[in-house]
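Enquirer: the sequence isn't on hand, but the structure is:
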C-alpha cells in the first residue's frame with residue numbers, strides 16, 4: 001500500500017540503503033497487498049469531495065480527494081475512495097505489474113475513521129511512511145450553535161450550524177430529509193445528516209457529491225500490525241515525518257535514504273528538516 005510520504009519510484013538497494021527518485025512530491029510504495037477484516041455491512045454510502053490547502057498562503061495549492069462514508073447498522077467508516085480502489089487493485093496485481101507502473105498505485109488519503117467501533121468510541125487508522133498506526137478516542141463532543149443560514153447541497157435544502165472543534169471554527173450544513181445522523185470525518189451530533197462542512201478560513205472542506213441508498217459493500221478494517229498510540233502522540237509522529245521524512249525513515253527503519261532526481265542526480269534539499277506550509281485539521285495537539 002502507498003504510505004503517506006508524497007513518491008514516484010522507490011527501489012531497495014539492500015537492507016541498509018534505499019534510493020528514492022522524487023517527483024514533485026515524495027511517496028513510498030511498499031507494493032504489499034493488505035488483508036482486510038469485515039466488521040459490518042454498509043446500507044448507505046455517501047461520497048464527499050475533501051479538500052485542504054497544502055500551502056495556506058497559496059489558494060491554488062488545494063489538494064483534493066474523493067472520500068466515502070459507509071454507514072452500517074451501529075457503525076460507519078470514512079475513508080478515501082481512491083485508497084479503497086488501490087487496495088482492491090493491489091489484491092489482483094503482481095509485484096512486476098506494480099514495479100512496471102508504480103504511479104497507478106499511488107494516491108488517496110491514508111486515514112480512516114470508524115465511528116462507534118468499538119461502541120462509544122472512534123477508531124482512527126493511518127500510516128506514516130510504511131508504519132500503520134491505530135488510536136481510539138471517546139466519541140468527541142461538538143457543541144453546535146444553530147444559525148439562520150440555509151443552503152442547497154446536492155438538491156437538499158440544508159440548515160446550518162457552527163461549532164469550534166479542536167482548534168478550528170466550522171460551519172456545517174445538514175438536512176433532516178436523510179434518515180442518518182452522521183457526517184464526514186469526525187463530524188456528527190446534528191439533527192440530520194451533515195452534507196457540507198468547512199472551516200472559517202476555508203482551509204479544510206467536505207462536500208457531499210453523491211449518495212447510494214442501496215449499498216451492499218462490506219465495511220472493513222486492515223489486518224496489519226498496528227502501532228497502538230494516542231491521538232496526540234500520533235500527530236507528533238506524523239509531524240516528525242512531515243518536516244523530515246528521510247530523517248524519520250532513517251531513525252525508525254534503520255536505513256540510509258538517498259534522494260535523487262528522476263535522472264539520478266542527488267537532491268540534498270529533501271534530506272533536511274523543513275517548515276510546514278500548512279497545519280493539520282486538528283491543531284490542539286500542539287498544546288500537549
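Expert: Right, received. Where do you want to start? What you see is a predicted model; the values in this text were computed from it and never measured. Residues are numbered from 1 along each chain as shown.

Enquirer: tell me the helices in the stretch 51-200 of the chain, going along the chain?
Expert: Under the criterion DSSP state H, counting those that start in this stretch, the stretch 51-200 of the chain contains helices at 81-92, 95-100.

Enquirer: which of the ones you listed has the lowest average pLDDT?
Expert: Ranked by mean pLDDT, the helices of the stretch 51-200 of the chain bottom out at helix 95-100, with a mean of 81.

Enquirer: by contact count, what packs against it?
Expert: If contacts are counted by 3 or more C-beta pairs under 8 Å, 6 or more residues apart in numbering; DSSP states H and E, helix 95-100 sits against no helix or strand. Just so you know, the C-beta spots here come from the backbone N, C-alpha and C atoms, and that holds for glycine as well.

Enquirer: please repeat the previous calculation with a cut-off of 10 Å.
Expert: Identification of packing neighbours for helix 95-100 by 3 or more C-beta pairs under 10 Å, 6 or more residues apart in numbering; DSSP states H and E yields strand 9-14, helix 81-92.

Enquirer: what residues sit buried inside the last one?
Expert: By neighbour count on 16 or more other C-beta atoms under 10 Å, the buried set for helix 81-92 is 81-84, 86-87, 90.

Enquirer: ok, residues contacting that helix?
Expert: Helix 81-92 is contacted from outside by 1-2, 29-36, 45, 47-48, 50, 65-70, 77, 79-80, 93, 97-98, 104-112, 127, 210, 217, 220, 222, using C-beta atoms under 10 Å, 6 or more residues apart in numbering.

Enquirer: swap the cut-off to 6 Å and go again
Expert: Identification of contacts with helix 81-92 by C-beta atoms under 6 Å, 6 or more residues apart in numbering yields 33, 66, 68, 105, 107-108.

Enquirer: do a quick rundown of the strands in the stretch 1-150 of the chain.
Expert: Secondary structure of the stretch 1-150 of the chain (DSSP state E, counting those that start in this stretch): strands at 2-3, 9-14, 17-21, 28-29, 36-53, 62-72, 76-80, 112-115, 121-128, 131-138, 145-153.
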